[in-house]
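Engineer: got a predicted model here, sequence first, then my questions.
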Amino acid sequence: MPFYVLGIESSCDETSAAIVRVEEGQPLALLSDVTARQEEVHERWGGVVPELASRRHLESLLPVVKTALENAKLTYPEISAIAVTNRPGLIGSLMIGVNCARTLAYGLGVPLIPINHLEAHLAAVLLDGAKIEFPCAGLIISGGHTSLYEIQEGWTGFKPLGHTRDDAAGEAFDKGARLMGLPYPGGPQVSKLAEAGNPKAVDFPRALLGRDQTDFSFSGLKTSLSYHLRDNPQANIPDVCASYQEAIVDALVTKTVQAMKRGNYRHLVVAGGVAANGRLRTKLRAALPPFISLHIPRPALCTDNGAMIAALGSVRFAQGAHVSGAELYDVEVSPSTEAKRARGKQKA
Ligand code: KG4
Ligand code: ZN
């Protein structure tokens, strides 16, 4: 008998719900994935405003869940479990998602599965039928995080291998785009313009931090871009975008390949918004030895979505990592480093 897991994501500025069907011996099947974006709410502020994000989640969440059910041709009583992001993220946004999921779980009498947003980004590869050999390496590259992990058997543990010391890779794209007068979010804009540019036009620095380090750093690159734009007011923007993107991609690729060699991993999972970047996908594949399996979710599942929450929720549900009844009220939300990310976006 198949069962159905509803995933709810509201950690930052996307309200998303998705339904995954789990059937023994079958890969996870994504039946629906519905996202309400808030870009127009935050655009004029140049970054996500937490209070405005919370208010919009409150309005959008139940309609988004309802549409996800309709698209999956299911009704509430057919849902077997609900997975929800409870960390990290904007505290108000997380509370709205968790309270909604908790209330639905209580009313429907089904278990609740609290999910770490970053771990879920990596687990999105399960929706493309990826067969992973553990332990493997995982690279998360989003607007708020740039981190390498060793992922342990069955997605049960995530051992940190390296982090950014300052800006995240997505933040570097967003801040760079802003310096060039491009709209937020900057990653897709920079990568689009880069298609018509020469990646060798400007020699931007790559902070490689020594051969024995698998940390990242992107703030020097951003400073270098601001000096370049100041000193070259007539700069060719596609060339600058291509060169800037190349510097980010080269740093990500070099450090990841180093971590793969050091840990002797055979599988690499890459996820988060920046994993949608075509240049990164191409250069990473080319830099890895052929015996390494590279798993990157399809671009639509790289940015924030409810599908990844339902995917990791399905794994955790099968492992018994869920709560129900009175325990529902013990599920906590935690902002962790994601609160820092929202401030970073505003300052960008
Ligand atoms: O994972 P995500 O949707 O949200 C966070 O959890 O942060 O990632 C958003 C980030 C933004 O910084 C955005 O500029 C970047 O991912 N991004 C990209 C691309 N698409 C999104 N960066 C580079 N190239 C892209 N194609
Ligand atoms: Zn994310």
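Structural biologist: Sure thing, it's come through. Ligands and ions are numbered 1, 2, ... in the order given.

Engineer: now do residue 35 against ligand 2, distance only.
Structural biologist: The gap separating residue 35 from ligand 2 is 12 Å, by CB to the ion, to the nearest Å. No exception for glycine: its C-beta is placed from N, CA and C like everyone else's.

Engineer: no no, residue 213
Structural biologist: Taking CB to the ion, one finds residue 213 at 25 Å from ligand 2.

Engineer: residue 133: neighbour count?
Structural biologist: 10 (other CB atoms under 10 Å).

Engineer: typed the wrong thing, it's residue 322
Structural biologist: For residue 322, using other CB under 10 Å, the count is 19.

Engineer: who are the contact partners of the spatially closest residue to it that is not a sequence neighbour?
Structural biologist: Spatial nearest neighbour of residue 322, chain neighbours left out: residue 111 (3.8 Å); criterion: CB to CB, 6 or more residues apart in numbering. Residue 111 sits next to 81-82, 105, 317, 322-324 when contact means CB atoms under 8 Å, 6 or more residues apart in numbering.

Engineer: which among these count as buried?
Structural biologist: 81-82, 105, 317, 322-323 (16 or more other CB atoms under 10 Å).

Engineer: make JSON lines from those and add secondary structure and pLDDT to it.
Structural biologist: JSON lines is the format used below for those (DSSP: H, G, I helix; E, B strand; the rest coil; pLDDT from 0 to 100):
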{"residue": "81", "secondary structure": "strand", "pLDDT": "98"}
{"residue": "82", "secondary structure": "strand", "pLDDT": "98"}
{"residue": "105", "secondary structure": "helix", "pLDDT": "97"}
{"residue": "317", "secondary structure": "helix", "pLDDT": "95"}
{"residue": "322", "secondary structure": "coil", "pLDDT": "92"}
{"residue": "323", "secondary structure": "strand", "pLDDT": "93"}
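
Engineer: and of these, the nearest to ligand 1?
Structural biologist: residue 82 (20.9 Å; CB to the nearest ligand atom).

Engineer: and the closest one, how close does it get to residue 9?
Structural biologist: 12 Å (CB to CB, to the nearest Å).

Engineer: what residues are shared contacts of the two?
Structural biologist: In contact with both residue 82 and residue 9: no residue, using CB under 8 Å, 6+ apart.

Engineer: and whatever residue of the stretch 201-348 of the chain ends up closest to ligand 1, what does it touch?
Structural biologist: Nearest residue of the stretch 201-348 of the chain to ligand 1 (CB to the nearest ligand atom) works out as residue 273 at 2.2 Å. The contact partners of residue 273, taken as CB under 8 Å, 6+ apart, are 141-143, 170, 185, 187, 302-304.

Engineer: ok, and what's touching stretch 155-166?
Structural biologist: Contact partners of stretch 155-166, identified using CB under 8 Å, 6+ apart, comprise 118-119, 122-123, 137-138, 145-152, 209, 213-219, 255, 259, 263, 312, 315-316, 319.

Engineer: mind checking how far the helix ranked longest in the chain is from the chain centre?
Structural biologist: Using DSSP state H to define each element, the chain has its longest helix at helix 237-263. Relative to its chain's centre, helix 237-263 lies at 18 Å (CA atoms, centre = their mean, to the nearest Å).

Engineer: try stretch 279-294
Structural biologist: Per CA atoms, centre = their mean, the centroid offset for stretch 279-294 relative to its chain is 20 Å.

Engineer: list of residues touching that stretch?
Structural biologist: So stretch 279-294 is in contact with 133, 141, 191, 194, 199, 245-246, 249-250, 252-254, 256-257, 260, 265-268, 270, 274-275, 296, going by CB under 8 Å, 6+ apart.

Engineer: let's see that with 10 Å instead.
Structural biologist: Residues outside stretch 279-294 that contact it (CB atoms under 10 Å, 6 or more residues apart in numbering): 125, 130-133, 136-137, 139, 141, 169, 191, 194-195, 199, 242, 245-246, 248-250, 252-254, 256-257, 260-261, 265-270, 274-275, 277, 296, 299, 302.

Engineer: any idea how far the residue nearest to residue 322 lies from ligand 1?
Structural biologist: Distance, residue 111 to ligand 1, by CB to the nearest ligand atom, to the nearest Å: 26 Å.

Engineer: could you shift the numbering so residue one becomes 49, and keep it that way?
Structural biologist: All right, first residue 49 from here; so that's residue 159.
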